Each structure stands twice: as C-alpha cells, then as structure tokens.
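# Need a 3D model of the sequence below.
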Amino acid sequence: MSAEDASTVDETEVADPTAPAEDSAAADEGAAGESAERSDDDRRPGLRTRLAARAKALSSGRVLIALVTLSVVGSLALLGSLLYFTYLPDRKVDAAAAKVAIAAASEGTVAVLSYSPETLDRDFSSARSRLTGDFLSYYDQFTQQIVAPAAKMRSVKTTAVVLRAALSEFHPDSAVVLLFVNQTTQSKDRPEPTLTSSSVEVKLTKADHKWLISSFNPI
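Residues are numbered from 1 along each chain as shown. Below is the predicted model of the structure:
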C-alpha cells in the first residue's frame, strides 16, 4: 500500500464515523422540536383556561366596582335628601330664634339708653323688664343714684337708635349680640342734640322663654 492509499484510507476512516453522529444529532433536534411543539400544544389549553379565568375575574371586578359606585351614589343622594328635608328646617328654626334674640338685644339696648325727665319711672320700668341677673341690680342702682337726679336737675333727655346688630354667639339658652348705636342727648345746658356713636356687646339669657339682657358692655 502506497502513502497516498494510506492517506485515503485514513481520511475515509476519519470521515465515516462523523456521518452517523450528524444523523443522530439531526434526529435528536427533530425529536426535540416535536417535543417542544407538543409541549406548546399541551400548554395552550391551560393558557386559554387561565386567560378565560382572568377575563372572567376582570369582568366580575368591573361589575363589582360598578355596583359599589352605584351604591355610593345612591347613599350620597339619600344623604343629600336627608340634609335637605331634615337639617334645613332646623336651620330655618335657628334663624328665626336668632332673629328673636337680636330683636330682644336691640329693643333692650334702646330701652336702657333712652329716657326723658318727664317719663323717668316709666322708662326705667320698661328697661328693667328686659334685664336680668347682676346687670339688673346694677341698672337699678345706677339709675336711681346717678341718672334720675341728673335727668331731673338738668332736664337730660337721651334717645338711642340701633343702626346695626349682628349675632356673635347663639345657644339654646344664651346669646351674644354686637350692636352699633347712635345716642342723641339734650339737656337744659345744651339744648342742641349731641350725637354719640358707640358699639355695645350685649349678652342675653333666656328665662321663661324670653330673652333678657344679662350683660351690657360698651366696646
């Protein structure tokens, strides 16, 4: 055998064993591909089931959200109706009661600050009927000891007018009212009316269903 024949035999012997290996590899690849395809096919029904379940859950969630939203809207509508038909009438009652309190403070202030030498007893009596507590006691003492003698001696006459009144506090049995007052004063020494403007804080107390002045403080 020549060197060339040996070389040919060696190349053939080297090349031959690789052919079955390539065929085996190709067969393995084909089997793997078929297995992968079967695996994909096997997984598809499970995937479809999960997707369907998820879609159903999402749909149920949307329905639940819609129901909750409708429930909230309905509750708000009911609450609004209750506020309108229940709370608003109470507000009207409170407004009416506040108006009565403001009127009592205004009328009482005019009575306290207005008097004439010709009608002192009547004026003081009218004012006292609108007062209560410590302020009533103070008013009695002040008018008898200071106002009455000065009014008779100097013919002092005063007239008060409430320009504005506003409610500062309001409770079932008490209230505070702020008033802006003009008071005109005349006397024998000064026959021309003198105008004085002032602000007054009046505290009211309810007694026997009637608002009475319990405190009278210029501010």
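
# quick one: buried residues of the host helix or strand of A150?
Element membership for A150, per DSSP states H and E: helix 148-154. For helix 148-154, the neighbour count (16 or more other C-beta atoms under 10 Å) marks A148, A151 as buried. Where you see a C-beta, it was placed from the backbone N, CA and C, and this is true even at glycine.

# so what does that helix touch, helix or strand wise?
helix 120-128 (3 or more C-beta pairs under 8 Å, 6 or more residues apart in numbering; DSSP states H and E).

# The helix it packs on - what's its average pLDDT?
Helix 120-128 shows a mean pLDDT of 97.

# Quick check: next helix or strand after it?
By DSSP H and E, the next helix or strand past helix 120-128 is helix 133-142.

# Can you show me the CA trace of the helix holding A150 as CSV?
Only the C-alpha atoms of helix 148-154 are listed here, as CSV (Å, rounded to 0.1, in the frame of the first residue of the first chain):
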residue,chain,number,x,y,z
ALA,A,148,-82.5,110.1,87.8
PRO,A,149,-81.1,113.0,89.9
ALA,A,150,-79.1,114.3,86.9
ALA,A,151,-82.1,113.9,84.5
LYS,A,152,-84.4,115.8,86.8
MET,A,153,-81.9,118.5,87.7
ARG,A,154,-80.5,119.3,84.2
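
# Can you pull out the residues in contact with it?
Contacts with helix 148-154, where a contact means C-beta atoms under 8 Å, 6 or more residues apart in numbering, come from Y115, S116, P117, L120, F124, V156, K157, S187, K188, D189.
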